Each structure stands twice: as structure tokens, then as C-alpha cells.
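Enquirer: how would this look folded up:
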Amino acid sequence: MGILKNNEISRMSEKEINEKLEELKLELIKSKITSSKSGKTKIKEIKKTIARLLTFNRQNKKSIKK
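Expert: As a prediction, the model looks like this:
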């Protein structure tokens with residue numbers, strides 16, 4: 001799983017974002033179990049991508065309410 005860019009995320013629907021979040025959360029758990037020195041950067045990238053997806057999700061919900 002690579003890092004998702006902002007423009008890629010903005011083209012995704014809310015359902016796709018939620019599916020991607022679930023995939024990334026599972027991948028994060030797997031990475032934590034098998035982490036080694038090289039795995040630390042992968043964990044960091046996954047966490048950043050999860051945070052980015054959650055931010056986009058939150059912004060979309062705020063814009064829909066207005």
C-alpha cells in the first residue's frame with residue numbers, strides 16, 4: 001500500500017475512503033506485529049495516510065452540513 005496523495009483522496013467517495021481506512025488499519029496492525037527497524041518507516045507512513053483520510057472525511061462532513 002502506497003501513500004495516498006490529497007488529489008487522489010479528493011476524487012474518492014465516502015464509501016471508498018471508509019474501505020481504504022479499514023484496509024490501512026489492518027495493514028497497520030500487521031506491520032506492528034512484524035515490525036523491525038525497516039518497518040518503522042512503513043508504520044509511520046500508514047499512520048499519516050490514515051490521518052489524511054480521516055481529515056478529508058471530517059472536512060467533507062462539515063461542508064455537507066453547511
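Enquirer: and Leu53, how many neighbours?
Expert: Counted with other Cβ atoms under 10 Å, residues neighbouring Leu53 total 19. Every residue, glycine included, has its C-beta placed from N, CA and C.
Enquirer: before we move on, which element is it in?
Expert: Here Leu53 sits within helix 39-65, counting by DSSP states H and E.
Enquirer: ok now that helix, how far from the chain's centre?
Expert: Centroid displacement of helix 39-65 relative to its chain, using Cα atoms, centre = their mean, to the nearest Å, is 5 Å.
Enquirer: buried set for that helix?
Expert: Lys42, Glu45, Ile46, Thr49, Ile50, Leu53, Phe56 (16 or more other Cβ atoms under 10 Å).
Enquirer: Could you tell me the average pLDDT over that helix, please?
Expert: Confidence over helix 39-65 (mean pLDDT, whole number) is 86.
Enquirer: tell me the centre residue of the protein?
Expert: Closest to where the C-alpha atoms of the chain average out (Cα atoms, centre = their mean) is Ile50, at 2.6 Å.
Enquirer: Excluding sequence neighbours, find me the nearest residue to that residue.
Expert: Take Ile50 and drop its neighbours on the chain: the residue closest to it by Cβ to Cβ, 6 or more residues apart in numbering is Leu24, 5.1 Å away.
Enquirer: Return the mean pLDDT over the helix or strand the one you found falls within, rounded to an integer.
Expert: Assigned by DSSP H and E, Leu24 belongs to helix 14-33. The average pLDDT within helix 14-33 is 91.
Enquirer: Now that helix: buried residues?
Expert: By neighbour count on 16+ other Cβ under 10 Å, the buried set for helix 14-33 is Ile17, Lys20, Leu24, Glu27, Leu28, Ser31.
Enquirer: List the contacts of that helix.
Expert: With contact meaning Cβ atoms under 8 Å, 6 or more residues apart in numbering, helix 14-33 is reached by 1, 4, 9, 12, 39, 42-43, 46-47, 49-50, 53-54, 56-57, 60.
Enquirer: Can you tell me how far Lys61 is from Ile17?
Expert: Going from Lys61 to Ile17 by Cβ to Cβ, to the nearest Å gives 11 Å.
Enquirer: same question, Lys62
Expert: Taken as Cβ to Cβ, the span from Lys62 to Ile17 is 15 Å.
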